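Enquirer: what would the 3D arrangement of this be:
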Amino acid sequence: MAFVRLKPARHLGWLCEVRLATQFMFVCLAPEVVEDFDVRQIGRCVGAIMVDPIFREVAELSSNRFEILAGISEFCGNLTALPPCVWDPRTRIEPPVKLPKQPLLLLIVVVVIVVVVAAVVVVVAAVVVVVVVVVVVAVAVAVVVVVVVVVVVVVVLNFRRMTQKKRRERRESVFEHEDEEEGLTRTGRLFGGVIDDVKRKLPWFVSDFKDSLHIQCVASTIFLFLATLTPNVTFGGLLGQGTDQYMGTMECILAAAICGVVFALFAGQPLNILGSTGPMLVLETIIYEFCRDNKWDFLPFRVWIGLWTTLILLLVAAFDLSALVAFITRFTEECFACLIAIIFIYEAFDKAISINSKYPTYFGSYHHTPSCPVPELLPLDNSSSSSSSSGDYSNTTTATSLLANLSGVFNNTISSMNITTAPTASNESSNASLSDLSPKEAVSICKDYVPDVFFLSFIEFLFTFVIAFTMVKARNSIFFPNVVRRMMSDFGVLIAIVIVVAVDIALDIKTPKLEVPEKFSVWLELASIFRDWFISPFSDKNPWYLALAAVLPALLATILIFMDQQITAVIVNRKEHKLKKGSGYHLDILVLAVLISCMSFLGLPWYVAATVSALAHIMSLKVESDCAAPGEKPEFLGVREQRVTALFVGILSGLSILLTGVLK
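Expert: Purely as a prediction, here's the structure:
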C-alpha cells in the first residue's frame, strides 16, 4: 500500500470518470482472488477519508508518514460508525442539508485569505507608487490588515464560544432530563421528591411480585441469605465486643430481619440490601466508650441520637436534598466500591488465617510430638495404679508441667506429673516425655488439639471460591446444554457451599463453624441482667442536656448514613444495569429515617445500604439472552427487578435463629 501526493495536480486520463486534476493517489497491490478479503472495501474507506476537508488539508500540508497516520487516527476518532446489524448497508444515508461549521478551520482560512490579499495589495502599491508613498501606504495597509485580522479573530472566537455554549446548554438540558427521570432534581415542593418517587414506583408495585416467579429468584434468595448472614453474625460479634454486649449478634440478626422486610416492601429501590457497615460499627463503639467514660446510660443516650438523626433525614427528604447525589461522579463511585471490595477481601483472608492462632500448625510428626491450641494437661492414668484399690500410698509425686512453646511445638519433656502410684520399683522415676507417649495418650493430655484444622479450613476456603467462580462462569462454557449451564451459574455459590460442607462432614475434622445464638435474649455482661427490648430515652444517670447535645453525634451519623446509602444507590442505578422501573433516592431516605427511629427504641444497630451485598444482589438477578450455540457470548438484557428476594432474605434472617443446627 502507498499514499501518493502529486506536487502539481495532473489529469490521469481514462483512470478518472471526470476530467479533473488529481493530487492524491492511494495504491494497493493485492492478488486477484483473496479469501475473506475484499480490496474494494479498502478503496471505499480511503474514499470516505478523502471526503473529509480537514483530512485533505492534513494530507496536503503533511511532510512525513506519521502526520498522515495521525490524520487518519483523528478521522477515525471523530467517526460515527453504524454497525451492519442495526442498519441495512443497502440503505444509503442522504447527505445533510447543512454541514456543521468548523470554527477553527474557518479561522485559519480567513486569516490566510486576509494575509494573501494584504500581501498582494502591498506588492501592487509598491510597484505603482513612489518609494515614499509606498512606505506610507504599506504602513497604512499593514495597520488595516492587523485591524482586520484582529476583528476577524474576535468574530470567529465569539462564534466558536457561542457554538460551544449552545452545545453545553444542549448537553446540560439532556443531563437535566436524565436527572428528572432519575429523580435527582429539586421539585421546590415539600416532600416533592418523595411524592414523585411514589408516583414513579407505584405502577410497578404489583409487577415487583409477579416478576419474581422465576427459578433465578430462588437461587438469588438462597445465595443472598448465606452471603448476608455471615457478615451480620461477624458484625454482631465485633459490636458486642465494642459495646460490652449491649448490642451483639442477636440484635444484628433481628435488625437485619426487620430492616430487610420493611425496606423490601416500601423502599424506592428494593434491589438495595441493608446491612452492617464498618463506619457505623466505629460510630457505635465511639458513642459507647464516651458514655462509659462519663458513666452515662448508653442506650437511652443512643435513642436521642437516633431521634435527632431521624429528624435530620426527614428534613433531607422534605427538601429534596438527595438531589446532591447528582454531583457524585463515577470516580467517587469506583473508589467507594473498590474500598469496600478490598475490605471484604482482606477480611476473608484475615478470618481464614486467624484460624491458625487458635489451631496452630505443627510441621513435625503428629505421632511423636502433638500440638494443642490451649496448653492444658490432664492426669495420665498409670496401669499400675489400678492394681491397688485400697491402702495408703507412701510415695506421692506432685509436679507441674509447662508447655514452653505456644505455637504448637511440644517437644519439651515433662519433668514431673500429677501421678499417684503404689509403692513399686517401676515408679521410682515419674518423669515422662511427650515423645514417649502414644498418639492417643498425647491427645488425652492436649485435649483441645485437633490436627490439620488450619490447612483443611484454608483449603475449604479456597475451594469454595474456586468452585463458585467456575460455576458462575459456566454460563459461557462450551459444555452442557444451555439450561444446565444457566442452572449451574444461578446456583453456583450454593453448589460450592454444599460441596465443601459435605466434604468437611465426611472428613470429620472439627473445623471452626459459624457461631449462631440459640435463643432470643439480650444479656448485659456488665450488669449480669437481661435488658428490656424497648429502650426508654429517659434515665436517672443521664443529665437533661444530653437530649440536646445528642444533635452533634447525630450530624455525624447522618453524614455517614447519607453517604453509605446514596453512593450505594447510585452504583445500583447505573445505566449499564439497564433498570427499567426507576430509582427512589428520596423515598429510600424517608424509609431509612423511620427504620432508624425504630431501631433506636428497640436497642438494635442502625442498618444502611451495603454496597457489596447490593452488587451481589444485582449480579444474581442478571438477565441474559439465550445463546444459540455453545460458547457464544450472551447479551446482557437487564436485571430482574422485584421485591421478593430482598423480602425473603429478611424473613430468613429472622428465622435463622431456628436453624442453628443447620447453620452450624
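
Enquirer: please enumerate the strands of the stretch 451-600 of the chain.
Expert: 523-524, 529-530 (DSSP state E, counting those that start in this stretch).

Enquirer: quick one: low-confidence ranges for the stretch 101-250 of the chain?
Expert: The stretch 101-250 of the chain contains residues with pLDDT under 70 at 101-116, 120-183.

Enquirer: thinking again about what came up before, which one of the strands of the stretch 451-600 of the chain has the lowest average pLDDT?
Expert: Mean pLDDT is lowest for strand 523-524 among the strands of the stretch 451-600 of the chain, at a mean of 48.

Enquirer: wait, Asn272 touches Asn573, no?
Expert: No: counting by Cβ atoms under 8 Å, Asn272 stays clear of Asn573, with 9.5 Å between them. Where you see a C-beta, it was placed from the backbone N, CA and C, and this is true even at glycine.

Enquirer: looking at the two, which is more packed in?
Expert: Legend: neighbour count by other Cβ atoms under 10 Å for Asn272 and Asn573, higher for Asn272 (29 against 20).

Enquirer: quick one: the residue lying closest to that one once chain neighbours are set aside from Val483, how far?
Expert: Closest residue to Asn272 apart from its sequence neighbours, by Cβ to Cβ, 6 or more residues apart in numbering: Ala609 at 4.4 Å. As judged by Cβ to Cβ, to the nearest Å, Ala609 and Val483 stand 34 Å apart.

Enquirer: and Met563, by the same measure?
Expert: 43 Å.

Enquirer: hey, where'd the helices end up in the stretch 551-664 of the chain?
Expert: Secondary structure of the stretch 551-664 of the chain (DSSP state H, counting those that start in this stretch): helices at 551-572, 585-602, 611-620, 644-655, 660-663.

Enquirer: counting contacts, what elements does the longest one pack onto?
Expert: Read that as helix 551-572. Applying 3 or more Cβ pairs under 8 Å, 6 or more residues apart in numbering; DSSP states H and E, one finds that helix 551-572 makes contact with helix 278-293, helix 298-318, helix 330-358, helix 585-602, strand 608-609, helix 611-620.

Enquirer: list the contacts for Gly638?
Expert: Residues in contact with Gly638 (Cβ atoms under 8 Å, 6 or more residues apart in numbering) are His577, Lys578, Leu579, Lys580, Lys622, Val623.

Enquirer: restricted to buried residues, select the residues you listed in ChimeraX.
Expert: For the buried members of the contacts of Gly638, the matching ChimeraX selection, counting by 16 or more other Cβ atoms under 10 Å, is:
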select :577,579,622
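
Enquirer: among the contacts of Gly638, which one lies nearest to Ser457?
Expert: The shortest approach to Ser457 among the contacts of Gly638 belongs to Lys622, at 31.5 Å (Cβ to Cβ).

Enquirer: just give the nearest non-adjacent residue to the closest one, would you?
Expert: The shortest distance from Lys622 to any non-neighbouring residue, by Cβ to Cβ, 6+ apart, is to Val639 (6.1 Å).

Enquirer: what's the answer for Val608, then?
Expert: Asp564 (4.4 Å).

Enquirer: list the contacts for the one you found?
Expert: With the criterion set at Cβ under 8 Å, 6+ apart, Asp564 makes contact with Thr277, Pro279, Met280, Val608, Ala609, Thr611.

Enquirer: same question, Ser276
Expert: Shown in contact with Ser276 (Cβ under 8 Å, 6+ apart): Pro231, Asn232, Phe235, Gly236, Leu239, Cys252, Pro605, Tyr607, Ala610.

Enquirer: from the residues you listed, pick the one nearest Ile54.
Expert: Proximity of the contacts of Ser276 to Ile54 (Cβ to Cβ) peaks at Ala610, which lies at 51.2 Å.

Enquirer: the closest one touches Ile571, doesn't it?
Expert: No: with contact defined as Cβ under 8 Å, Ala610 does not count as touching Ile571 (11.2 Å).

Enquirer: the closest residue in space to Ser489 that isn't next to it in sequence and Phe24: what is the separation?
Expert: Nearest residue to Ser489, sequence neighbours excluded (Cβ to Cβ, 6+ apart): Arg475, at 3.9 Å. Counting by Cβ to Cβ, the gap between Arg475 and Phe24 amounts to 50 Å.

Enquirer: which one of the two is surrounded by more residues?
Expert: The residue with more neighbours, out of Arg475 and Phe24, is Arg475; 19 against 14, by other Cβ under 10 Å.

Enquirer: let me know the pLDDT of the more buried one.
Expert: Model confidence at Arg475, given as pLDDT, is 73.

Enquirer: quick one, grab the pLDDT at the nearest residue to Ala352 once chain neighbours are set aside.
Expert: Nearest residue to Ala352, sequence neighbours excluded (Cβ to Cβ, 6+ apart): Phe461, at 4.6 Å. What the model reports as pLDDT for Phe461 is 86.

Enquirer: burial check on Phe469, number of neighbours?
Expert: If we define neighbours as other Cβ under 10 Å, then Phe469 has 13 of them.

Enquirer: then the one 5 residues further on?
Expert: Applying other Cβ under 10 Å, we find 17 residues neighbouring Ala474.

Enquirer: what's the pLDDT at the residue nearest to it when sequence neighbours are not counted?
Expert: Computed as Cβ to Cβ, 6+ apart, the closest residue to Ala474 that is not its neighbour in sequence is Met488, at 4.3 Å. Looking at Met488, its pLDDT is 79.

Enquirer: what's the spacing between Met488 and Phe479?
Expert: From Met488 to Phe479 the distance is 10 Å (Cβ to Cβ).

Enquirer: more neighbours: which of the two?
Expert: Each of Met488 and Phe479 has its neighbours counted (other Cβ under 10 Å); Met488 has more, 19 against 10.

Enquirer: I'd say that one and Ala468 touch.
Expert: No: assessed by Cβ under 8 Å, Met488 is found out of contact with Ala468, at 10.6 Å.

Enquirer: picking up where we left off before, what separates the residue nearest to Lys622 from Leu615, distance-wise?
Expert: Computed as Cβ to Cβ, the Val639 to Leu615 distance reads 11 Å.

Enquirer: before we move on, what about Leu560?
Expert: Distance of Leu560 to Leu615, computed by Cβ to Cβ: 20 Å.

Enquirer: wait, isn't Ile326 in contact with Leu184?
Expert: Actually, residue 326 is Ala rather than Ile. Yes: using Cβ under 8 Å, Ala326 makes contact with Leu184 at a distance of 4.3 Å.

Enquirer: quick one, which of those two is more surrounded?
Expert: Between Ala326 and Leu184, counting by other Cβ under 10 Å, Leu184 is the more crowded of the two (24 against 18).

Enquirer: residues of stretch 190-206 that come out buried?
Expert: Phe191, Gly192, Gly193, Val194, Asp196, Asp197, Val198, Arg200, Lys201.

Enquirer: tell me the one of those nearest Pro31?
Expert: Set against Pro31, the nearest of those by Cβ to Cβ is Arg200 (61.5 Å).

Enquirer: phi, psi of that closest one?
Expert: phi -70, psi -40 (degrees, to the nearest 10).

Enquirer: now it: closest residue in space, sequence neighbours ignored.
Expert: Once flanking residues are discounted, Arg200 sits nearest to Gly582: 4.5 Å by Cβ to Cβ, 6+ apart.

Enquirer: let me know whether the one you found touches Val198 as I believe.
Expert: No: in this structure, Gly582 is not within contact of Val198 by Cβ under 8 Å, at 11.1 Å.
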